[in-house]
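In: Model the structure of this input:
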Amino acid sequence: MSKPRQRSAGSKLLTAGVVLYVVAWLVPVFQGQQLLGAGTEWARWLGSSASSHAASGPDWLPGWGACRFAWDLLVGDPPSQDEAWKSRVLGSTCLTNLLMLAAFAMFAAKKHRAIPGVLLLGCGGLNASWLYLCEQELIESLRPGYYLWLLSFVLVGLGALLQPTAAGKA
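Out: Numbering: from 1, shown residues only. Presented below is the predicted three-dimensional model:
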């Protein structure tokens, strides 16, 4: 009889991170959003003109509104020249989603996991910039969707790094 295959800690973390990433897109990211519904209340806290665009896209996907808001911070006019760098840093967090999707493709193709793992941990640090660059009022407006999204990058990154290599499985 063959022995049941045990999943590694890395595999469990990776799976948990992927699930959290998907769930994060479906729950409110900031105060004013409804479950499976968009809102734009937080745009005013950053003084952004992006508020009119933040929810364009699928209203039932709160993560989309947050991603679009970050994109508008990245490409739009900053509220002031002194704060331009902060808008660009916060805005660049929307691009980390592309890296997460690329990592999923690499994992599905059984490609190297160490490089995406390290990059995703770095993305987690960048995504945490909403906690250390924003004012207290905005931080207090963050809801579970943001924290699930942030945690998903850390879990997927760690899970990828802890995955056994092909040589280690033999």
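In: For stretch 124-138, which residues meet the burial criterion?
Out: For stretch 124-138, a neighbour-count test (16 or more other Cβ atoms under 10 Å) marks 124, 126, 127, 130, 134, 138 as buried. No exception for glycine: its C-beta is placed from N, CA and C like everyone else's.
In: Who are the contact partners of the residue nearest the centre of the chain?
Out: Geometric centre of the chain, nearest residue: residue 149, 4.2 Å, by Cα atoms, centre = their mean. Contacts here follow Cβ atoms under 8 Å, 6 or more residues apart in numbering; on that basis residue 149 touches 20, 21, 24, 25, 29, 63, 127.
In: Compare these and tell me which is most surrounded.
Out: residue 29 (29 neighbours; other Cβ atoms under 10 Å).
In: roughly how far apart are that one and residue 121?
Out: Relative to residue 121, residue 29 is positioned 21 Å away (Cβ to Cβ, to the nearest Å).
In: ok so, going back, checking the residue nearest to the centre of the chain next. Helix, strand or coil?
Out: On the three-state scheme (DSSP: H, G, I helix; E, B strand; the rest coil), residue 149 is labelled helix.
In: do the same with residue 164
Out: Following three-state DSSP, the label given to residue 164 is coil.
In: shouldn't it be in contact with residue 8?
Out: Yes. Counting by Cβ atoms under 8 Å, residue 164 sits close enough to residue 8 to count as a contact (5.7 Å).
In: where does the protein have low pLDDT?
Out: Within the chain, the ranges that satisfy pLDDT under 70 run 1-6, 34-60, 165-170.
In: That one: helices as residue ranges?
Out: Here the chain has its helices, by DSSP state H, at 9-24, 62-75, 84-91, 96-108, 114-127, 129-132, 136-141, 144-162, 166-169.
In: Ok, which of those comes nearest residue 33?
Out: For residue 33, the closest of those is helix 62-75, at 4.7 Å, according to Cβ to Cβ.
In: packing partners for the closest one?
Out: For helix 62-75, the contact count by 3 or more Cβ pairs under 8 Å, 6 or more residues apart in numbering; DSSP states H and E identifies helix 84-91, helix 144-162 as packing neighbours.
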